[in-house]
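>>> model this:
(2 chains)
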2 protein chains.
Amino acid sequence: MQSTMQDVPLLVSRITTHGSTIHGHAEVRTWTGDAAATQRRTYAEVGARAAQLAHALRDELGVQESGVVGTLMWNNAEHLEAYLAIPSMGAVLHTLNLRLPVEQLAYIVNHAADRVIIVNGSLLPLLAPLLPHLGSVEHVIVSGPGDRSALAGCRAQVHEYEELLVGRPEHYDWPELDERQAAALCYTSGTTGDPKGVAYSHRSVYLHAMEVNAAAAFGLTPADVCAPLVPMFHVNAWGLPHAAFMAGTSLLMPDRFLQPAPLAEMIATERPTVSAGVPTIWAGLLAELDARPRDLSSLRTVISGGSAAPPAMMRGFHERHGVRLVQAWGMTETSPLGSVAYPPAGLSEEEEWPYRVTQGRLPSSVEARLAGPGGEILPWDGQSAGELEVRGPWIAGAYYGGAAGEPVRPEDKFSPDGWLRTGDVGTITSDGFLTLTDRAKDVIKSGGEWISSVELENHLMAHPDVAEAAVVAVPDDKWGERPLAAIVLKDGKPADYAALRAFLGERVARWQLPERWVRIATVPKTSVGKFDKKVLRKQYAEGELEVTVLGG
Amino acid sequence: MQSTMQDVPLLVSRITTHGSTIHGHAEVRTWTGDAAATQRRTYAEVGARAAQLAHALRDELGVQESGVVGTLMWNNAEHLEAYLAIPSMGAVLHTLNLRLPVEQLAYIVNHAADRVIIVNGSLLPLLAPLLPHLGSVEHVIVSGPGDRSALAGCRAQVHEYEELLVGRPEHYDWPELDERQAAALCYTSGTTGDPKGVAYSHRSVYLHAMEVNAAAAFGLTPADVCAPLVPMFHVNAWGLPHAAFMAGTSLLMPDRFLQPAPLAEMIATERPTVSAGVPTIWAGLLAELDARPRDLSSLRTVISGGSAAPPAMMRGFHERHGVRLVQAWGMTETSPLGSVAYPPAGLSEEEEWPYRVTQGRLPSSVEARLAGPGGEILPWDGQSAGELEVRGPWIAGAYYGGAAGEPVRPEDKFSPDGWLRTGDVGTITSDGFLTLTDRAKDVIKSGGEWISSVELENHLMAHPDVAEAAVVAVPDDKWGERPLAAIVLKDGKPADYAALRAFLGERVARWQLPERWVRIATVPKTSVGKFDKKVLRKQYAEGELEVTVLGG
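Numbering: from 1, shown residues only, chains lettered A, B, ... in the order given. Alright, predicted model coming up:
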């Protein structure tokens, strides 16, 4: 039986119109580094300016439906206008990650064929030298303070953002689009290979914003002020700008002032109720607050995501500053809202901690399964570890564009039945709490079972003689792979591998115990401080490590 | 540009699976009239039983995709199971309004061609006499206490709900459906003509449940216990059962105990945090609480909808019992969530009242416009009154089935461009607060302007001589329509129409003043106590009223 409901598409333009009319009094505030000079703009003004921007892009610059417009911008009011205008008019917003290596930045602009780039003046020193390598870019629109001289002589036409808007109509008749059309494009900064594009649809952006606004997620309301510290070039700032405009929640934007001291100052002055950012931001802020306490009592919900938040940091915020960090999990391919770690109701504060340090529970729109080493689906028993695979209306099912722009579905990222392979390994409890422990590439596949390198490392690092420990998979004729334990000993401590193995034997199953042991001076690390296990595996393969073999 | 997101449909089965796994520990409690004997069932059990019910319906009773299954049930756990099982398996849930006149009940069962009816034992005295007139019904499934003897000799096969479930598989491989397929069917109990069916889609049910769970709407979370007092046969209990199962919110069901005393007892005992019902329910509960106070402090959000809540009642709850009623507006055709009256943030309690007595603001997914007497679109200025028209993914665009089952779109209910004409007249302020004043059929269309009958009545009833007043439209050669004021005077007061007209003249524009006046003994009323203006218009048309004509 067909339903009798209206067939109305889920479009970003609906968010734009709704926020700028019904919530026209809400406002976006942009921090300027000066507490007395915060820039304020109502949502009614943002809506009018978004219409002007769309007119400029279409009427002056010739941007058409599905045309790609890049933004190289901080979190500010103008970036919000671009977020709304570009998808609403049927074009595609391509947020450019200003922290990417420049070759990758050039690659993604060329790959997406951006015709226009809107750039903050302060980022011209990054963009200008790249421009000669960006063949598709015909127009550069500059917004905000910064020396324009670097653009002298560039091939693209240069426009001032404010001049481009002035005098244009404050209303735009947003087109009725197919909700499955692309609204925004974001490339993952994968550590291997070229960046890969995820093209979010109007449908996925809209549904994701609705979920962000669920009381059980971030729960934005018109009474809130939301400060997205996560950059708007990073997975749409976790959907918060769209969600805030949808809910009529005022936004507080840090612009380029992401250092701990100005962030603390901004929060204490502007008093947001909700904020979101990566653990690095929170760790910096915590150190700042410990040194110079501020009043952060306005914050009711603070989301930490992007990587696991150290429990000690969460406790530090909670116990020393009364701020409750909530962990959430997601990735570029998941829009990103995958799970949020609210504990079950009715627990004491101490009982809540084991739940708060998990990745949390998934919303109804995101299905999860754990795939074991042989691809078999594992039970949700809190014990069986498998690669997390997810499915849902805001989960990627492909990447944008091979050479000819067609969708690509690499086997290691998408299962044959279309689920996203997250590359994260973990467990799920019977009541749906997800705990991620390893990246799939770091797990040891031993005789059809998986051994968690992270679990072995954590146990080893709890031994009083051990300073650091890294466990990596090495090839094994009988088992396929086996763990190699690489140990950094504390000064003067002996390399007593048998004792370490016995220590581990009290904590994990016997078949998980490493046979191969090696003492190293230091664990190789990546530029962001993570263990670089590739290096260890290579050293082992090339016979550079002096390995002791025990037991078996 | 096409997006790269997965194409995953929004289906009720996702709610079923999500609630019964990730929130398997949440529970539905059904009140039994005995505080010591509340029936408790976990969502894991509900999910297993929903699977068993679906197996029974398909394997034993032959219900196929798009087959219609009626429910004639109170709010209880078994009705929840039917809510989940029937749409999830691809069939259509048809909730039967047990308060309809029996001829209408028979009409809707026959019109929708229900093959199966699930009925509570206590409602067999209503169903049994109707069965001979329900040609499509092949199976009756009886659940819960009640004398079965009334079914003796009926043509349909009779089954016991619990016996039908026992031993069947607790898992059902829910089919992947088109999200635009019908999930549930609900008929409006229109006062004129036959009831009209609204066929909700999986998409509309799912999106509506997401909106119910928005923090700015009802904001259900796993920490809540939600008590839907609005019947499940009335617009899907305002979407709360689906929303609660989606959010992992426990449900508290009143079953047939809807009288004020047992409701007060249930709330005080089971301590729900959220509840929802019509003003009549709340008025009864308020009187009960005033007489015998109970502890209702568990309630954080109480929604009143279906008709306007009297401000005095809202104040009574607030001031005498600390319970905050929130008005919401909707109708069968709007799923029903149309608007919710939360005041803007930062106001004092007294400043909040003018907002709380409006119908509130619409969510982003519901577009609104006001159509004036000539169909012209009116501004949102808080003054211009027009008929409210709405559009959105959970708004009806047609009714289910003429004689051959095709969708029908009567002109008075749907605009040529597909918007729903709500039949409600009101204003919208520039910040989106909707105030509904009249039913469109009661508005006086005078010379291209609308005159609110309700406004004139309210002013007249404020006059010390007037006991009651009804204002109706009567034909007028010059203006099309003009108001007729029908007055019930207090004992011994004179029929001084000139004085009343002058009194009114101080309060409304001169062109709105009635010329025609009549004294009546009492205002004719409908069975539910509303002014029956049809009767007055007929009496006027047939010359039965002794009308005085003034001014002009």
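>>> Assumed A:His79 was part of a helix.
Yes - according to DSSP: H, G, I helix; E, B strand; the rest coil, A:His79 belongs to a helix.
>>> Make sure it is actually in contact with A:Met73.
Yes - contact criterion CB atoms under 8 Å: A:His79 and A:Met73 qualify, at 4.2 Å. For the C-beta atoms, the positions are set from N, CA and C on the backbone; glycine is no exception.
>>> Common neighbours of these two, please.
Common contact partners of A:His79 and A:Met73 (CB atoms under 8 Å, 6 or more residues apart in numbering or on different chains): A:Met232.
>>> residues from the stretch 1-150 of chain A in reach of chain B?
Neighbours of chain B within the stretch 1-150 of chain A, by CB under 8 Å from any CB of the partner chain: A:1-10, A:14-15, A:17-19, A:21-25, A:66, A:68, A:92.
>>> if you look at these, which of them are in helices?
A:Arg14, A:Ile15, A:Thr17, A:His18, A:Gly19, A:Thr21 (DSSP state H).
>>> So for the fourth one, what pLDDT did the model give?
Think A:His18. A:His18 is assigned a pLDDT of 98 by the prediction.
>>> measure it to A:Arg29 for me?
Going from A:His18 to A:Arg29 by CB to CB, to the nearest Å gives 20 Å.
>>> Name the residue in these two with the higher neighbour count.
Remark: of A:His18 and A:Arg29, A:His18 carries more neighbours, 25 against 21, as counted by other CB atoms under 10 Å in any protein chain shown.
>>> which one is that one nearest to, not counting chain neighbours?
B:Ser364 (3.9 Å; CB to CB, 6 or more residues apart in numbering or on different chains).
>>> Closest residue of the stretch 401-550 of chain A to chain B?
A:Gly432 (3.1 Å; CB to the nearest CB).
>>> right, and that residue touches B:Ile22 too?
Yes - judged on CB under 8 Å, A:Gly432 makes contact with B:Ile22 at a distance of 3.1 Å.
>>> who has more neighbours, the two?
A direct count of neighbours by other CB under 10 Å for A:Gly432 and B:Ile22 places B:Ile22 higher, at 26 against 20.
>>> dump the residue contacts of that one.
B:Ile22 makes contact with A:Arg361, A:Leu362, A:Asp431, A:Gly432, B:Gly248, according to CB under 8 Å, 6+ apart.
>>> what do you get for A:Leu484?
By CB under 8 Å, 6+ apart, the contact set of A:Leu484 is A:Val471, A:Val472, A:Ala473, A:Val474, A:Pro514, A:Arg516, A:Trp517, A:Val518, A:Leu536, A:Tyr540, A:Leu545, A:Val547.
>>> what bridges to the fourth one?
With DSSP bridges applied, A:Val474 shows beta-bridge pairing to A:Arg482.
>>> Run through the residues that contact it.
A:Val474 touches A:Glu481, A:Arg482, A:Pro483, A:Leu484, A:Arg516, A:Arg537, A:Tyr540, A:Ala541, counting by CB under 8 Å, 6+ apart.
>>> and those, which two are the farthest apart?
With CB to CB as the measure, no two of the contacts of A:Val474 lie farther apart than A:Pro483 and A:Ala541, at 15.2 Å.
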